[in-house]
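Q: coordinates only, no sequence provided:
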């Protein structure tokens, strides 16, 4: 007759395998839905010359464009309600109490990233730190502030991304790679193990292993980058088209930047227990970084050097923000 300890251990292991299979199915379905909608709609709203049809607005093309951008949200909503999770965790609500500092970081860190990009791009192009127009210093300094007006609109658009990636896929991947660690004595009896909690829940689980954090960031960021691949190929997103190895190098660089940027945005999500902070940061990045990076460049200098912008204005700042964020996520996991 099997001992009670062995039965409990087998039941826990079977339960863990069942939950992991469920999460694997959810991850696969998320990828199929989000990538499927993005790539199918993109085939209609992207022109061959690389410009979005939304610049020549039609009702159909604009709808398809929004449908593609919101595909992560669509996948998240479908799968959350299909599994009975819903949004009872309040992930869509801003939670300022005790987290207010992280909302400041969500704004200030992207601005700092823009300053790093500005320094690197200006130096790499030997442009010189002087304004290339007749406007006053005050007016030139207002340009980044004026671009903050776009943050509100971009937050609405980017909520579609953040609810899918940070509020769903990253968490699912992290739970998928958690494991139970069992130590046995010479007789094969369990003498110590980590408590196995239903990894499909969002209950506080102490001692989340660092492997789960690392894999969720790497795999989640890679998938996030590949989700943009169609835009990299057709419209030259972030890196343009005039570089050796196009478009494969651009796709790889996009994945790398998304891995490190994803670490930063995931840290904000975890620290605030909300998707609003990473959405705010994402919106500031998209709205302000291009303005800050090019503040010392003339239109002639910024015409055909998009690859330089992508490397020094996006990739390097993403790594600068991502490395300490990754470290903090790993450190928090050991609590």
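A: Cool, the structure landed. All figures in this text were calculated on a predicted structure; none of them were measured in a lab.
Q: shaky segments in the stretch 51-200 of the chain?
A: For the stretch 51-200 of the chain, the stretches with pLDDT under 70 are 51-59, 134-142, 144-149, 179-200.
Q: all helices for it, in order.
A: Taking DSSP state H, counting those that start in this stretch to define them, one finds helices in the stretch 51-200 of the chain at 59-69, 71-82, 100-124, 137-147, 149-164, 170-176.
Q: just how off-centre is the first one within its chain?
A: Going by CA atoms, centre = their mean, to the nearest Å, the spacing between the C-alpha centre of helix 59-69 and its chain's C-alpha centre is 21 Å.
Q: coming back round to it: single out the most deeply packed of the helices of the stretch 51-200 of the chain.
A: Across the helices of the stretch 51-200 of the chain, averaging neighbours per residue (mean count of other CB atoms under 10 Å) puts helix 170-176 on top, at a mean of 22. Backbone N, C-alpha and C define where each C-beta goes, glycine included.
Q: dump the helices of the stretch 51-200 of the chain to a markdown table, plus distance to residue 212.
A: A markdown table is the format used below for these (distance: least, CB to CB, whole Å):
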| stretch | distance to residue 212 |
| --- | --- |
| helix 59-69 | 29 |
| helix 71-82 | 20 |
| helix 100-124 | 22 |
| helix 137-147 | 37 |
| helix 149-164 | 20 |
| helix 170-176 | 5 |
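Q: if we compare these, which one ends up closest to residue 37?
A: Residue 37 lies closest to helix 71-82 among the helices of the stretch 51-200 of the chain, at 3.7 Å (CB to CB).
Q: on that earlier part again, to residue 278, which of the helices of the stretch 51-200 of the chain lies closest?
A: helix 149-164 (5.1 Å).
Q: between the closest one and helix 100-124, how many degrees?
A: 110 degrees (axes from the mean of the first three to the mean of the last three CA atoms, to 10 degrees).
Q: begin at 145 from now on, thanks
A: In the new count, where the first residue is 145, that last one comes out as helix 293-308.
Q: packing partners of helix 293-308?
A: helix 203-213, helix 215-226, helix 420-437 (3 or more CB pairs under 8 Å, 6 or more residues apart in numbering; DSSP states H and E).
Q: of those, which approaches residue 373 most closely?
A: Of the helices and strands packed on helix 293-308, the one closest to residue 373 (CB to CB) turns out to be helix 203-213, at 12.7 Å.
Q: next, count neighbours for the closest residue to residue 224 other than its chain neighbours.
A: Excluding the flanking residues, the one nearest residue 224 by CB to CB, 6 or more residues apart in numbering is residue 230, at 5.8 Å. Burial of residue 230, expressed as a neighbour count using other CB atoms under 10 Å, amounts to 9.
Q: for residue 230, give its distance to residue 236.
A: 11 Å (CB to CB, to the nearest Å).
Q: indicate which one of the helices and strands packed on helix 293-308 is closest to residue 301.
A: Between the helices and strands packed on helix 293-308, helix 203-213 lies closest to residue 301; by CB to CB that is 5.8 Å.
Q: related to what we said a few turns ago, distance to residue 262 added to the helices and strands packed on helix 293-308, as JSON lines?
A: Converted to JSON lines, the helices and strands packed on helix 293-308 look like this (distance: least, CB to CB, whole Å):
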{"stretch": "helix 203-213", "distance to residue 262": "27"}
{"stretch": "helix 215-226", "distance to residue 262": "30"}
{"stretch": "helix 420-437", "distance to residue 262": "5"}
